[in-house]
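1. Here is a sequence together with a model predicted from it:
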Amino acid sequence: MTTEPSKEALFKQHFISVVTDLRQNGIKDPEAMALIGGLDVELSDALKQKSWVAVKQSMTPAIYDELLASFQKRGNEYHKDGRTKLAYAIQLLSVSLVAFTQRNDADIAAGEKLVDQLIDRAATTYRQHRPKH
């Protein structure tokens with residue numbers, strides 16, 4: 001009898017895959033980085049926080065659930081519409097969000113820190129280069 005992997009084990013596999021892709025490909029794609037930065041800025045500003053890390057730390061369980069559901073819906077829509085880089089950006093913020101709840105795993109905690117630094121760096125770059133109104 002084989003046992004099915006736990007949700008945590010499945011997430012860890014997915015998280016490692018996303019982080020690996022980010023390190024090998026994502027950071028080399030200026031458009032993807034701009035989209036990641038733009039999403040971070042949009043959420044940080046809407047929740048009156050200075051960074052993605054601050055957004056996650058200030059989040060209530062209700063906001064977490066709402067944001068995760070929104071990410072899933074929007075990510076699927078963007079993927080179906082062929083907007084793969086925007087779907088990629090949402091996926092990255094999604095896995096970072098879920099990783100926040102899985103910090104008891106040392107590998108996920110280390111990966112989350114790396115991902116969050118990259119997301120916030122992308123936001124800083126986005127803020128520096130976005131058009132002023």
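-> Thanks, I have the structure now.
2. so what's the residue positioned nearest the centre of the chain closest to, chain neighbours aside?
-> The centroid of the chain falls nearest to Leu93 when counting by C-alpha atoms, centre = their mean (1.2 Å). With C-beta to C-beta, 6 or more residues apart in numbering as the criterion, Leu93 has its nearest non-adjacent residue at 5.8 Å, and that residue is Leu39. Yep, even glycine has a C-beta here, placed from its N, CA and C like the rest.
3. List the contacts of that neighbour.
-> Neighbour list for Leu39: 89-90, 93 [criterion: C-beta atoms under 8 Å, 6 or more residues apart in numbering].
4. Where do the helices of this protein begin and end?
-> Per DSSP state H, the chain carries helices over the ranges 7-24, 30-46, 52-58, 61-80, 84-99, 106-129.
5. So which of these is the most surrounded?
-> Most buried of the helices of the chain by mean neighbour count (mean count of other C-beta atoms under 10 Å) is helix 84-99; its value is a mean of 22.
6. give me the low-pLDDT residue ranges for the protein?
-> Counting by pLDDT under 70, the chain contains low-confidence ranges at 1-2, 131-133.
7. list the contacts for the residue nearest to Ala32 when sequence neighbours are not counted?
-> Closest residue to Ala32 in three dimensions, ignoring its sequence neighbours and counting by C-beta to C-beta, 6+ apart: Lys85, at 4.9 Å. Lys85 is in contact with 29, 31-32, 35, counting by C-beta under 8 Å, 6+ apart.
8. Wait, Glu8 touches Arg103, no?
-> No - here Glu8 does not reach Arg103: they are 11.5 Å apart, not a contact under C-beta atoms under 8 Å.
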